[in-house]
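Undergrad: here are the coordinates; sequence isn't available:
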């Protein structure tokens, strides 16, 4: 399943760092954090999607405290 | 301004006020000169420092924990700590304060420009009114509309999904998608495209596609992903940033250690090394260059042109050779009668009526154009007069009209039937000769009209740097060349079969020395060439998925003048990106050199860091002022 979320991210390199961190999470097929559009596109396993999403936000915040996602 | 920006602004104001008070206290020698003491002074300046700098320190610690040595926050923390150590308390606090002011302004400016770019592309429908079977109307999210559902679109509302009109008439404004300001008339049976705004009439439409497959969703998707396809300039910046920071940091270490071993005075050199650290972040470039490209893509889409990546913007700025398909791109793609040359003693009406009657049964485009030209239109033709038609392959037709034999065809048909004709010199056109009962009636000149303004467009393309304009056509050589002369193109490649086009394009690409080669086509049968050229430009593609897929640059309607316009936008984008690079690097290198000799202090270094970043962002924002001015 692939879903788009509005997110807050400060700069392009922060977006890249957050992407890297989220991509390492088990069950994530792909993730894009778009700084210009302030959007996160998460592609992850259907069954555990919500769980993975929460995990992704946590992982992102750990790297970049200012990262946040609206969902 | 977001809530966080507001909060940060307050922190900055308080920190600045405390800083000012501390400065006054120190300068006036308050508390009996107690502030002369280094440590007391340091304690005083630590207050504003921590108020505004705490998030930086926290990020610096997080950065070290994640092994990110060259993190901007870490370097700032290090530089300001160094300033405290050397006893420059006032400057340490000032560096942090101004760094944070710059960061705040940077985030504000980026937010603003991002907002204006996304506003440019504000075409997403917010809701859909679905009519249920019992006649009630429910408002739902466009995502929830199923194909086949009946939607009600009220005046002023945005069309949520691609659909077909079933009742009602209206003028639909496509400006947001195509840049075309004149609204389009729609009647039952017409397609309406999602993202367009309904005019005065109430429309009932049947949804044809899901929202995610509709034009508007596809366009948004393209624009959003466009910023992910990086230009060469952006890639250069990324690579540059990877080396720049470590190089500056190591020079800072060297500057702190080596001269102090040779000449002593460690504190002075430590201070100078700290100014290096302040300049070590390449943020001015890392933020402003992608922002410029994103702004360029935004400005292009406001002009009805979708550029599918920053890299294509760069190629557009650099086009040297342009290849264009003739039919449907430079010409209207429909045949029209442009001249009736009747023989002596024959009226134009008689010539036309006779030819139209003979062509009554034919479905050939030329026959259609002759019938269209009848004063009463194609429907006014009395088909009962036509009693027999015979197609003569490659030459024309022989028909019986009201008992008389009529010949309509090319010169050879006339010659073979022994009919003398007057020569018509119209190399760009198709000439149909007409004869009745062996008597020559005259000739009808039919041609594919050159698009209005096509010649001016080629002219302005030259003005924006296109060196060579090549026209591709399947027409015979003389016809192709005549059109080419009319348009004043540099080269005509005629008699091309659809399969030849790729090969021919390749030879044009090989002949091109520098710059890029662009191909303009209508995207219907030239997808392979669109893909082969450095830059494929598809015209008139609103609603054509294949063209949007194959092309790199998509012109939503069929207005050729958008091409020079988008090239100008592309050039301006690339120029602004380059200005930013040159300006930022020049200032940084200058301050680095002056800093090493102790001429530039930390204040100058802060300017070289955040001041330059803000100026570069403002420069990039200039792209947003391109609306219809270019």
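TA: Structure's in. What do you need? These figures come from a predicted structure and were not determined experimentally.
Undergrad: which stretches of the stretch 1-150 of chain B have low pLDDT?
TA: The stretch 1-150 of chain B contains residues with pLDDT under 70 at B:30-36, B:68-69, B:117, B:120-121.
Undergrad: swap that for chain B, please
TA: Along chain B, the model assigns pLDDT under 70 to residues B:30-36, B:68-69, B:117, B:120-121, B:179, B:523-524, B:541-545, B:626-630.
Undergrad: Leaving out the residues flanking it, which one is nearest to the residue of the stretch 1-150 of chain B found nearest chain A?
TA: In the stretch 1-150 of chain B, the residue that lies nearest chain A is residue B:114 (5.9 Å; Cβ to the nearest Cβ). (C-beta placed from N, C-alpha, C; glycine too.) For residue B:114, ignoring the flanking residues on the chain, the nearest one in space by Cβ to Cβ, 6 or more residues apart in numbering or on different chains is residue A:36 at 5.9 Å.
Undergrad: Am I right that that neighbour is in contact with residue B:113?
TA: No - Residue A:36 is beyond contact range of residue B:113, at 9.6 Å (criterion: Cβ atoms under 8 Å).
Undergrad: which residues are common contacts for these two?
TA: By the contact definition Cβ atoms under 8 Å, 6 or more residues apart in numbering or on different chains, residue A:36 and residue B:113 are jointly contacted by residue B:291.
Undergrad: circling back to that earlier point, run the chain-centre distance for whatever helix or strand the residue of the stretch 1-150 of chain B closest to chain A lives in.
TA: If you go by DSSP states H and E, residue B:114 is part of helix B:89-120. From the chain centre to the centre of helix B:89-120 is a distance of 28 Å (Cα atoms, centre = their mean, to the nearest Å).
Undergrad: Same question for stretch A:19-35.
TA: Put simply, stretch A:19-35 sits 6 Å off its chain's centre (Cα atoms, centre = their mean).
Undergrad: Likewise for stretch B:436-446?
TA: With Cα atoms, centre = their mean, you get 51 Å for stretch B:436-446.
Undergrad: buried set for it?
TA: B:436, B:440-446 (16 or more other Cβ atoms under 10 Å in any protein chain shown).
Undergrad: ok, those residues vs chain A, which is closest?
TA: Nearest member of these to chain A, counting by Cβ to the nearest Cβ, is residue B:446, at 50.4 Å.
Undergrad: Dig out what the closest one forms beta bridges with.
TA: residue B:337, residue B:430 (DSSP bridges).
Undergrad: That one and residue B:334 touch, don't they?
TA: No - using Cβ under 8 Å, residue B:446 makes no contact with residue B:334, being 10.5 Å away.
Undergrad: what is in contact with these two at once?
TA: By Cβ under 8 Å, 6+ apart, residue B:446 and residue B:334 have these common neighbours: residue B:369.
Undergrad: related to what we said a few turns ago, which of the buried residues of stretch B:436-446 fall in strands?
TA: Among the buried residues of stretch B:436-446, DSSP state E puts B:436, B:440-446 in strands.
Undergrad: Report the contact partners of residue B:106.
TA: B:283, B:287, B:610, B:613-614, B:617 are the contacts of residue B:106 under Cβ under 8 Å, 6+ apart.
Undergrad: How about residue B:395?
TA: With the criterion set at Cβ under 8 Å, 6+ apart, residue B:395 makes contact with B:409-410, B:412-413, B:416.
Undergrad: Look up how far residue B:572 lies from residue B:605.
TA: Between residue B:605 and residue B:572 the distance is 31 Å, computed by Cβ to Cβ, to the nearest Å.
Undergrad: hmm, I was thinking of residue B:139
TA: Using Cβ to Cβ, residue B:139 is found at 42 Å from residue B:572.
Undergrad: Where do the helices of chain A begin and end?
TA: A:12-23, A:49-63 (DSSP state H).
Undergrad: hey, which of those is tucked in deepest?
TA: helix A:12-23 (a mean of 20; mean count of other Cβ atoms under 10 Å in any protein chain shown).
Undergrad: coming back round to it: in TSV: the contacts of residue B:106, plus neighbour count.
TA: TSV is the format used below for the contacts of residue B:106 (neighbours: other Cβ atoms under 10 Å in any protein chain shown):
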residue	neighbour count
B:283	22
B:287	26
B:610	23
B:613	26
B:614	21
B:617	24
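Undergrad: Quickly name whichever of those residues is closest to chain A.
TA: For those, the nearest to chain A is residue B:287 (6.3 Å; Cβ to the nearest Cβ).
Undergrad: now the closest one: how far from residue A:13?
TA: Taken as Cβ to Cβ, the span from residue B:287 to residue A:13 is 9 Å.
Undergrad: do residue B:440 as well
TA: For residue B:440 relative to residue A:13 (Cβ to Cβ), the value is 79 Å.
Undergrad: Please apply the same query to residue B:126.
TA: Distance from residue B:126 to residue A:13, by Cβ to Cβ: 33 Å.
Undergrad: Residue B:94 too?
TA: Taken as Cβ to Cβ, the span from residue B:94 to residue A:13 is 26 Å.
Undergrad: what do you get for residue B:39?
TA: 38 Å.
Undergrad: residues from chain A in reach of chain B?
TA: Proximity of chain A to chain B is confined to A:8, A:10-13, A:32, A:34-39, A:62-63, A:65-66 under the rule Cβ under 8 Å from any Cβ of the partner chain.
Undergrad: Filter those residues down to the buried ones, ChimeraX style.
TA: Buried members of the residues of chain A next to chain B can be picked out in ChimeraX with the line below, counting by 16+ other Cβ under 10 Å:
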select /A:10,11,12,13,32,34,35,36,37,38,39,63
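Undergrad: In chain A, where is pLDDT below threshold?
TA: For chain A, no range has pLDDT under 70.
Undergrad: wait, what's in contact with the residue in the stretch 251-400 of chain B positioned nearest to chain A?
TA: Minimum separation of the stretch 251-400 of chain B from chain A (Cβ to the nearest Cβ) falls at residue B:294, amounting to 4.9 Å. Neighbour list for residue B:294: A:36, B:114, B:117, B:227, B:310 [criterion: Cβ under 8 Å, 6+ apart].
Undergrad: Please report how far the residue nearest to residue B:584 when sequence neighbours are not counted lies from residue A:17.
TA: Distances taken as Cβ to Cβ, 6+ apart place residue B:284 nearest to residue B:584, at 4.2 Å, with adjacent residues excluded. From residue B:284 across to residue A:17, the span is 19 Å (Cβ to Cβ).
Undergrad: cool, residue B:170 as well?
TA: 49 Å.
Undergrad: re earlier: could you pull up the contacting residues of the residue nearest to residue B:114?
TA: Per Cβ under 8 Å, 6+ apart, neighbours of residue A:36: B:114, B:117, B:227, B:290-291, B:294.
Undergrad: What distance do you get for it to residue B:106?
TA: 15 Å.
Undergrad: bridging residues for residue B:469?
TA: If you apply DSSP bridges, the partners that residue B:469 bridges to are residue B:322.
Undergrad: Which residue is most remote from the mean position of chain A?
TA: The C-alpha centroid of chain A is most remote from residue A:47, which lies 17.5 Å away (Cα atoms, centre = their mean).
Undergrad: which of the residues in stretch B:327-343 are buried?
TA: B:327-333, B:335, B:337-338, B:340-343.
Undergrad: Revised request: answer the last question for stretch B:262-278.
TA: Buried residues in stretch B:262-278, counted by 16+ other Cβ under 10 Å: B:269-278.
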